[in-house]
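**Q** quick one, fold the following:
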Amino acid sequence: MRFSVLVVDDEKMPREILREYLPWEELRVDRIEEAEDGAQALELARQHRPDIVISDVKMPRMNGLELAAAVRELYPDCQFIFLSGYTDKEYLKGAIKLKAASYVEKPIDLEELTAVLREVTAELEAHARPDPNLVFYRGEDGDFSLPRNGQVYVFDKSVFSELSNRIRHKRRSETMDLLGEIYRDIRRCEATPPEVIRNLYCQIVFALLSAAESRHITAVTEQGDYLLYTAAKQPTLRQLWEALSAAIQAYFQAVESNAQDIVTRVDEYLAAHYADSTLTVQTMASDLGFVHTYLCNAYKKNCGHTINQKLTELRINRAKLLLADPSRKLYEVAHAVGYADGKYFVKLFTKEVGIPPKLYRENHNCYEEE
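**A** The predicted structure is shown next:
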């Protein structure tokens with residue numbers, strides 16, 4: 001673990017001595033900033049967020065205790081080491097109240113200050129909080145001893161387009177494979193700000209919700225708010241991707257079950273209403289709660305023929321059974337199977353069966369009373 005230090009003193013010489021003669025490398029300090037007074041130091045602290053501040057107590061504009069109080073409001077874990085040539089007990093009391101790491105008197109004993117710095121860096125390391133960005137990539141229990149991977153993830157728009165295409169066309173296995181590849185690529189790019197990845201996650205969720213809405217997959221669309229606002233705040237990449245994977249799996253499960261459900265519901269509806277001469281696909285879609293075009297496409301994709309073809313098949317098969325009854329007139333058979341126009345029925349029956357209904361009746365040992 002490496003540290004940064006801010007040295008604050010209104011005299012130039014003490015600052016130069018500390019910079020030149022303390023064993024910074026041994027103390028694992030790789031950045032040192034200097035300030036002439038507390039006000040300047042506060043501004044530098046806001047910019048650089050130091051781990052340790054070594055500060056004179058008595059300075060113009062803002063003294064060391066005031067500086068410590070202001071910095072601690074911003075960064076509660078920042079450690080202070082106070083320097084002073086005065087033995088004023090009030091300063092000492094203030095330092096104790098602020099829980100300063102130490103109070104070293106001037107003239108500065110470099111060995112004493114070095115020993116204090118060793119204690120402070122050890123304490124900081126023992127209670128160090130992992131970088132939230134690293135926690136995002138490695139998890140709460142990840143190994144933070146290794147340095148951050150410096151790569152930045154750049155999302156290829158063509159990959160996003162391909163992922164969306166696979167979702168829309170119900171290619172479940174291929175979608176999950178590509179999602180896994182994206183996840184593995186992102187994990188190797190720890191220098192990418194988590195918000196960039198969260199934004200990518202939301203783009204994928206929008207594509208998923210769009211596909212789910214077009215297919216009336218309410219099991220997914222009803223999760224929209226959760227996926228976009230709650231799941232997107234997951235603290236780690238793994239949790240974020242698990243939420244996304246679960247939503248995509250739910251989508252495909254619903255698509256697969258819904259496809260069968262659509263065929264079943266349409267077939268049952270037709271069986272119950274085929275005799276209605278006013279029946280239209282638009283009416284049926286409205287009754288079943290679907291958009292007309294979506295229902296037609298979904299039905300044909302899952303059973304290979306159109307709804308109107310299925311309706312015609314049902315009516316013709318029922319007409320064949322009714323033709324076995326010699327007491328029924330042809331126009332009565334037509335009306336019974338949903339055709340108000342008897343001539344149209346004869347024409348359609350002939351086209352579908354290959355022979356007129358009258359001949360079909362005769363060929364099946366039936367006769368029609370005129």
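
**Q** okay, helices next: where are they in the stretch 1-150 of the chain?
**A** In the stretch 1-150 of the chain, the helices defined using DSSP state H, counting those that start in this stretch lie at 12-21, 38-48, 64-74, 89-97, 110-126, 132-138.

**Q** mean pLDDT for those: which is lowest?
**A** Of all the helices of the stretch 1-150 of the chain, mean pLDDT reaches its minimum on helix 89-97 (a mean of 60).

**Q** so where's the chain uncertain?
**A** Within the chain, the stretches with pLDDT under 70 are 86-101, 258-260, 365-370.

**Q** kindly reformat the helices of the stretch 1-150 of the chain as CSV containing mean neighbour count and distance to residue 56.
**A** C-beta: built from backbone N, CA, C; applies to glycine. Formatted as CSV, those follow (neighbours: other CB atoms under 10 Å; distance: least, CB to CB, whole Å):
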stretch, mean neighbour count, distance to residue 56
helix 12-21, 14, 7
helix 38-48, 17, 9
helix 64-74, 19, 6
helix 89-97, 14, 11
helix 110-126, 15, 13
helix 132-138, 18, 33
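
**Q** okay, those helices in TSV with distance to residue 165 next?
**A** Below are those laid out as TSV (distance: least, CB to CB, whole Å):
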stretch	distance to residue 165
helix 12-21	59
helix 38-48	46
helix 64-74	48
helix 89-97	64
helix 110-126	49
helix 132-138	28
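
**Q** what about those helices, which gets the closest to residue 239?
**A** helix 132-138 (9.5 Å; CB to CB).

**Q** what does that closest one rub up against?
**A** Helix 132-138 has contacts (CB atoms under 8 Å, 6 or more residues apart in numbering) with 130, 142, 144, 148-149, 187, 190, 193-194, 197, 235-237.

**Q** ditto for stretch 160-178
**A** Contacts to stretch 160-178, defined as CB under 8 Å, 6+ apart, come from residues 159, 179, 182, 203-204, 207-208, 211, 214, 245, 248-249, 251-252, 255-256.

**Q** end to end, how far does it reach?
**A** 10 Å (CA to CA, to the nearest Å).

**Q** try stretch 181-200
**A** End-to-end distance (CA to CA), stretch 181-200: 14 Å.

**Q** give me the contact list for that stretch.
**A** Against stretch 181-200 from outside (CB under 8 Å, 6+ apart): 132-134, 136-138, 148-153, 155, 159, 163, 232, 237, 240-241.

**Q** buried residues in that stretch, which are they?
**A** 182, 183, 186, 189, 190, 192, 194, 197, 198, 200 (16 or more other CB atoms under 10 Å).

**Q** so for the fifth one, what's the nearest residue that isn't a sequence neighbour?
**A** Think residue 190. residue 149 (4.0 Å; CB to CB, 6 or more residues apart in numbering).

**Q** can you report how many residues lie near that neighbour?
**A** Neighbour count for residue 149, taken as other CB atoms under 10 Å: 15.

**Q** compute the distance between it and residue 17, please.
**A** For residue 149, the distance to residue 17 equals 39 Å [CB to CB, to the nearest Å].

**Q** residue 192 now?
**A** Residue 192 is 42 Å from residue 17, by CB to CB.

**Q** try residue 326
**A** Residue 326 is 121 Å from residue 17, by CB to CB.

**Q** cool, residue 193 as well?
**A** Residue 193 is 39 Å from residue 17, by CB to CB.

**Q** what do you get for residue 23?
**A** 13 Å.

**Q** what do those two both touch?
**A** Contacts common to residue 23 and residue 17, judged by CB under 8 Å, 6+ apart, are absent.

**Q** got the phi/psi numbers for residue 49?
**A** As for residue 49, its main-chain torsions (degrees, to the nearest 10) stand at phi 50, psi 70.

**Q** got the domain boundaries for the chain?
**A** Under automatic domain parsing, the residue ranges defining each domain of the chain are 3-126, 157-253, 274-363.
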